[in-house]
Structure formats: C-alpha cells, structure tokens
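Asker: Using only what follows, build the 3D model:
(2 chains)
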Amino acid sequence: MGNALTFQDTKENPYLLGIRGTSSFSELNRRYNDGDYMAQNYFKVPSELSSKDLFLIAALLVLIVLIVFPTLISSRTEIKLISIVDQIESLLQNLSKDIRINNINSIRDYLIEFPDIIDIIPKAINSAKKYFPNAQIVLDLYIDPEIDDKYPIIYVRAKDYDNKFMELLDKARKDFMEDLINKRGWILLTTDFGKPDE
Amino acid sequence: MNRKYKNPPIVEVVCGFKFNEETNWDATIPGLLHDKLKENFPRKEQRIIQELEIKQEQGNIQQYLRTTERILFFTEDQKMVIQVGPRLLVINALKPYPNWEKYKEYIKMGLDTLMEITEIKGIDNVNLRYINSIKLPRGEDIKEYFRLHISLSEKLLKNLASFIAIVEFSYFDDRDKCRVNFSFSLSRDEYILDIDYFLNQKGNLSISNTYEWLENAHNNIEEIFEEAITDKLRKVFEEVL
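Answerer: You can find the predicted model right below:
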C-alpha cells in the first residue's frame, strides 16, 4: 500500500485505521507539517467506537485528505483564471450564491460564444440589486422563438410593483447600458412581474 | 494532429506564459502590444481579475489572492483572445478550435510581438491546456467511450451525481508534467476532459526552446487524449479519415 492513507477492516481490528508514519493524530499533524506523510507504520483506533467517534474520525480523515491530497498532486506556482471557461465558471459560481440562475448550461454556452460580456453581467446584476435590494434577481437566457436570437436576461421580481418600479428599472439599466456599446453580446434587465420564490 | 474530427470536443485551448521578475514590465506594454496586434485583434477591453496563486513553500501550501488588471484583445469573431497582465501573456482559442498549426501562429504572433516590445529575461511558467466537453446519451456505459475512467459498482453508479479524477504524467525527467482532470456532473450532463501540460520546474526553460517545448506539449497532450478515448467516442466526434 503506497499511499498516505489506508483503511482496513479485519475481524481482529474492526476499525483498524491506518495512517502511515503516525502513531497518533498529533504525530501525524507534526509529520505532516514537516512534509513527511509517507512513513510505514499504522495507527490503531480502538475497536469500541461510538457512531459519534466514527463520525469525528471520518470528518478528520476528510480534512486530512483535503490537506494532503493537493501536496501529492505536483506543486507548482500556478496562475488561475487564465482560461475563459474558468472565468465563466467562477462568475456563475459566485452569482449562484445570491441570485437564481435558470438554464445555466445555456448561459455558459452563450458566454463562451460572446465572452465580451462576461464582466458586464455582474455589473448589471449589481445594478439591479442596488435599485431593488429586496427583490429576487433571476438570470436566464432568453431565446427568441421567431428569429435566431438569444441573450442573457435578468429579471427583477419584487413583492410589490408600485408606480416607481419601471422608473427604477430604467435607472438600473442606465448603469451598464454604455458598457454594451461595441459588444457582440447583449444582456437585458427587465421584469416578468413574477413573485419572488419563497 | 494525426487524427482530425468533424465535431471535436474542444471548448477552449489556453497557452499561458508567466515571465520572471527580471523581465522589465510597465503599464505601457499592453497598449504597445495592442498597437502592433490590432489588425488581427481589433477589440480591446480591460478587466479586473482575481488571481489565486498557489505556492508550495517549505512543505506548506500557500495561497495568495490578489486582484490584477488584465487587458484582453479579441479577434473580430471573439474566437481568439490574447490576455496581457503583469508579466503574463495568455493566448486563448475558443470553440470552434481551428487546428494546432493555426493556433500556434497566434501564440507566435503574441509572444514574438511581445519580445519586440520588451526583453523577456526568462519564463517562470508556461502551460498548454486543452479543455474538452463531451456529451453522451444518458445511461451509457462510460467504459465504452473512455479508456480513462473510474470504476464503480452498479449500485453506486445508480446514484452517481458527479466525479472528479485527477491523473498526472511526468515528462523529461520531471521537467514537465501533464495533469489530466476528468470529471462528470449530472447537473451539467457532460464529461470534461481537461488536459493541462505545464512546466513543472520553475524557470527551467530558455526562451529559445519555447517553441520546441510547445510542440512537445502538444504532442503529449494529443497522445493522452487519443489514449483516453475509444473508437466509439471517435465515431461521436466524426473522425475525418
């Protein structure tokens, strides 16, 4: 067994948990910090363990794998986000934390085709959030059924649509419309007068 | 390329150069570079990018998050992009990927033109990366399409939501490495075969050997790609004979 972590299940030791080069977790931690995770001994965990103990051990193992694994993969100084695909992924991941995204795969495809609006989308969403802080923001891809046209569309869904709603929507649009000049891609901020999701 | 496909799975190809600290760099370089490249890259825009730099120092992994300005030059159809940042040059090709010979011309155009503007004293890092997206009909056995795959029992496969498998290969006495990231996600309903060939030993590449390095990188990526797929998948890509 050549890896840093091993797991064995035998009759004698039902929970023989092997971490090479360690005799305790603190030892493991010390050795890990010293860059040594390839030694050859096993660390035994008592066989009478409660489910809580097992859960804690499992959680610790996951943590160790997360820490150790990147070092087993070769180390290098790498600069992230030089790929357009990665930039799109990063954007969608960040957006999905606080807005709803429908048809995410189609939006991803659109942005690969029109990468010049990648950084306008967060700007438009921020603008929508600025004018409608309590509304739900939904990003979707609009596909025109009659002509061959599609573009990302941002819907503002408010609890109440009062008289000032459209006026504020116009103001929000103005914040980013100039950025769309000379772009091949397009984006629209509007509303479908829907209610926010619960 | 030995094999050609009518529907290649390539979504993006990236070639990135990180030049060493001794290379003179100032804020005028992106503008000067665009002046020389604007015939092919007429569109220019500026972006703020958050870069995550991962370094291994004395056995510990250090991550540095910094915000940098990046200037992007686009061809008219936006299928080819050059990104310029502090001591950074990146040439991206988005789908449809032309072919290696054509893409190499753009890499050469970017790097040679930059060398006319500033003296590059050394290359810290360089990589060539092919990102492939492969969509298969639901429920297909991946072993029939990929020779690089994970093995799961029928029972586990039934509830599979996603997987990521990372494999690394070493070349030229560990000077270069190639990291293959093979992943699947049910929500995206596609397999990603991400093949990233990079200089593993910082600075161990002279400027004069750069194009030879790229050629080797491309050959090794191509070999890995072809070894990772089966003839059945080649049929999906519609190989041009």
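Asker: B:Ala93 and chain A: what is the separation?
Answerer: To chain A, B:Ala93 is 10 Å away according to CB to the nearest CB, to the nearest Å. The C-beta positions use only the backbone N, C-alpha and C, and glycine is treated the same way.
Asker: That residue pairs with what?
Answerer: B:Val13, B:Met80 (DSSP bridges).
Asker: OK, contacts around B:Ile134?
Answerer: By CB atoms under 8 Å, 6 or more residues apart in numbering or on different chains, the contact set of B:Ile134 is B:9, B:145, B:190-193, B:233, B:236.
Asker: want to throw the residues you listed into a markdown table with secondary structure, distance to A:Ile118 and pLDDT?
Answerer: Shown next, in a markdown table, are those (DSSP: H, G, I helix; E, B strand; the rest coil; distance: CB to CB, whole Å; pLDDT from 0 to 100):
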| residue | secondary structure | distance to A:Ile118 | pLDDT |
| --- | --- | --- | --- |
| B:Pro9 | coil | 22 | 97 |
| B:Tyr145 | coil | 31 | 95 |
| B:Glu190 | strand | 20 | 92 |
| B:Tyr191 | strand | 24 | 95 |
| B:Ile192 | strand | 19 | 96 |
| B:Leu193 | strand | 23 | 97 |
| B:Leu233 | helix | 30 | 95 |
| B:Val236 | helix | 29 | 94 |
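Asker: in chain B, what secondary structure element scores lowest on mean pLDDT?
Answerer: strand B:43-57 (a mean of 77; mean pLDDT, DSSP states H and E).
Asker: other SSEs contacting whatever helix or strand comes next after that one?
Answerer: Using DSSP states H and E, the helix or strand that follows strand B:43-57 towards the C-terminus is strand B:60-74. Judged by 3 or more CB pairs under 8 Å, 6 or more residues apart in numbering or on different chains; DSSP states H and E, the packing partners of strand B:60-74 are helix B:29-37, strand B:43-57, strand B:80-85.
Asker: angle of strand B:60-74 against helix B:29-37?
Answerer: For strand B:60-74 against helix B:29-37, the angle by axes from the mean of the first three to the mean of the last three CA atoms, to 10 degrees is 40 degrees.
Asker: who does strand B:60-74 pair up with?
Answerer: strand B:43-57 (antiparallel), strand B:80-85 (antiparallel).
Asker: Flag the shaky bits of the chain, pLDDT-wise.
Answerer: Because you didn't say which chain, this covers chain A. Within chain A, the stretches with pLDDT under 70 are A:1-55, A:57-81, A:198.
Asker: actually it's chain B I care about, not the one you picked
Answerer: Using pLDDT under 70, chain B drops low at B:1, B:51-58.
Asker: Can you show me the helices along it?
Answerer: B:29-37, B:100-117, B:154-158, B:210-228, B:231-237 (DSSP state H).
Asker: Much appreciated, bye for now.
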